[in-house]
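Trainee: Test case, fold it:
(chains A and B)
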Amino acid sequence: GAVVSQHPSRVICKSGTSVKIECRSLDFQATTMFWYRQFPKKSLMLMATSNEGSKATYEQGVEKDKFLINHASLTLSTLTVTSAHPEDSSFYICSASSTALAYNEQFFGPGTRLTVL
Amino acid sequence: AQTVTQSQPEMSVQEAETVTLSCTYDTSESNYYLFWYKQPPSRQMILVIRQEAYKQQNATENRFSVNFQKAAKSFSLKISDSQLGDTAMYFCASLIQGAQKLVFGQGTRLTINP
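Mentor: Okay, the predicted model is just below:
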C-alpha cells in the first residue's frame, strides 16, 4: 500500500504555544487528506477534510481557528494547533487519499502524540 | 446519516482459536464499501480487509474473512488460527461510494493470549 508519514511522532509543548504537525504522502499524490483525533481507547474522530488547494472542511464542533489546516501541495498537509492547552493533548492521525486510487482508499500516517504541559 | 456500531468493546481468545468480531451499520445508500482496520499497540492503522457492497461473495484475506449480510446490514470479521500479533484494536468502517469520509465504529479491543 501507499506510504504516509507524519512528523513529529511525539511533541511536548508548553501551554499557549503553537505546534505544527506535518503529514506527507511519500509515493502518491494525495488529492485529499484527513485529520483525525483519537482519545485513549477510543475511535478515530474526524476533525477536517482537506482537498489540495482548497480550504479545509471542518467537522461540527472543531474550531477552525484553533486547528489550522493547510494542504498546499499534493504531498503535504499540515495541522497547526494554535495556543495549545492541556485539553488539546491527544493522538493526532492523518490519512491521505487520491481519486486515482480504487475505493477512495485512505492510507494512514503513524500518528503524532501531542502533550501540552 | 451513516452509522457503524461495534457492540463488543473487548474480546479475548487463546492463540490458534477462531474469533469473530461483530459490526453493524446503517446507511440509506446502495453503493458503499466496508472495511476492517487493525490498530496494534504501535497505533498505526492497517487495512485488514475490504468489501464492496455490490459483491455478494464474502471477502477473504488469508486468515481473515468477513460475513457480509447486506439485508441485515451486518459485517463481521472472522480471524482464524489467531496469532499473538493479532492483538490490537479493530475498527469497522464504511464509506459511501463517491464520498470521502470514512465512518468508524467504536472499536473492539482484541487480545490473543498465549
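
Trainee: Relative to chain A, which residue of chain B is the closest?
Mentor: B:M45 (3.8 Å; C-beta to the nearest C-beta). The way it works is simple: take the backbone N, C-alpha and C, and place the C-beta from them, glycine included.

Trainee: any idea how far A:A30 is from that residue?
Mentor: According to C-beta to C-beta, to the nearest Å, B:M45 and A:A30 sit 15 Å apart.

Trainee: Between the two, which is the more surrounded one?
Mentor: Set side by side, B:M45 and A:A30 show more neighbours around A:A30, with 31 against 25, by other C-beta atoms under 10 Å in any protein chain shown.

Trainee: and A:V116, how many residues sit next to it?
Mentor: Residues lying near A:V116 (other C-beta under 10 Å) number 20.

Trainee: An error on my part: the question was meant for B:N113.
Mentor: 11.

Trainee: Cross-check the contact I'm expecting between it and B:Q14.
Mentor: Yes - if you go by C-beta atoms under 8 Å, B:N113 and B:Q14 touch, sitting 5.3 Å apart.

Trainee: any idea which helix or strand carries the residue nearest the centre of chain B?
Mentor: For chain B, the residue nearest the mean C-alpha position is B:W36 (3.2 Å; C-alpha atoms, centre = their mean). Per DSSP states H and E: B:W36 is located in strand B:32-39.

Trainee: what's the helix or strand following that strand packed up against?
Mentor: Sequence order places strand B:46-52 as the next helix or strand after strand B:32-39, per DSSP H and E. Under the contact criterion of 3 or more C-beta pairs under 8 Å, 6 or more residues apart in numbering or on different chains; DSSP states H and E, strand B:46-52 touches strand B:32-39, strand B:60-61, strand B:64-69, strand B:74-79.

Trainee: from those strands, which stretch is densest packed?
Mentor: The highest average neighbour count among those, using mean count of other C-beta atoms under 10 Å in any protein chain shown, belongs to strand B:32-39 at a mean of 23.

Trainee: Can you give the strand pairings for that strand, parallel or anti for each?
Mentor: Its sheet considered, strand B:32-39 pairs with strand B:46-52 (antiparallel), strand B:88-96 (antiparallel) by DSSP bridges.

Trainee: Could you check how sure the model is about that strand, as an average pLDDT?
Mentor: Strand B:32-39 comes out with an average pLDDT of 96.

Trainee: related to what we said a few turns ago, now distance to A:S98 too, for the helices and strands packed on strand B:46-52, in TSV please.
Mentor: Below are the helices and strands packed on strand B:46-52 laid out as TSV (distance: least, C-beta to C-beta, whole Å):
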stretch	distance to A:S98
strand B:32-39	15
strand B:60-61	22
strand B:64-69	25
strand B:74-79	25
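
Trainee: looking at those, which is closest to A:H7?
Mentor: strand B:32-39 (19.8 Å; C-beta to C-beta).

Trainee: Using PDB, write down the CA coordinates of stretch B:32-47.
Mentor: The C-alpha trace of stretch B:32-47 is given here as PDB (Å, rounded to 0.1, in the frame of the first residue of the first chain):
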ATOM      1  CA  TYR B  32     -20.800   1.600  -0.400                       C
ATOM      2  CA  TYR B  33     -17.700  -0.100   0.900                       C
ATOM      3  CA  LEU B  34     -17.000  -1.700   4.200                       C
ATOM      4  CA  PHE B  35     -13.600  -2.000   5.900                       C
ATOM      5  CA  TRP B  36     -11.900  -3.600   8.800                       C
ATOM      6  CA  TYR B  37      -8.900  -1.800  10.200                       C
ATOM      7  CA  LYS B  38      -6.400  -3.000  12.700                       C
ATOM      8  CA  GLN B  39      -4.600  -0.700  15.100                       C
ATOM      9  CA  PRO B  40      -1.900  -2.500  17.000                       C
ATOM     10  CA  PRO B  41      -0.100  -1.000  20.000                       C
ATOM     11  CA  SER B  42       2.100   1.000  17.600                       C
ATOM     12  CA  ARG B  43      -1.200   2.800  16.800                       C
ATOM     13  CA  GLN B  44      -0.500   2.600  13.000                       C
ATOM     14  CA  MET B  45      -3.800   2.000  11.300                       C
ATOM     15  CA  ILE B  46      -3.600  -1.000   8.900                       C
ATOM     16  CA  LEU B  47      -6.300  -2.100   6.500                       C
END
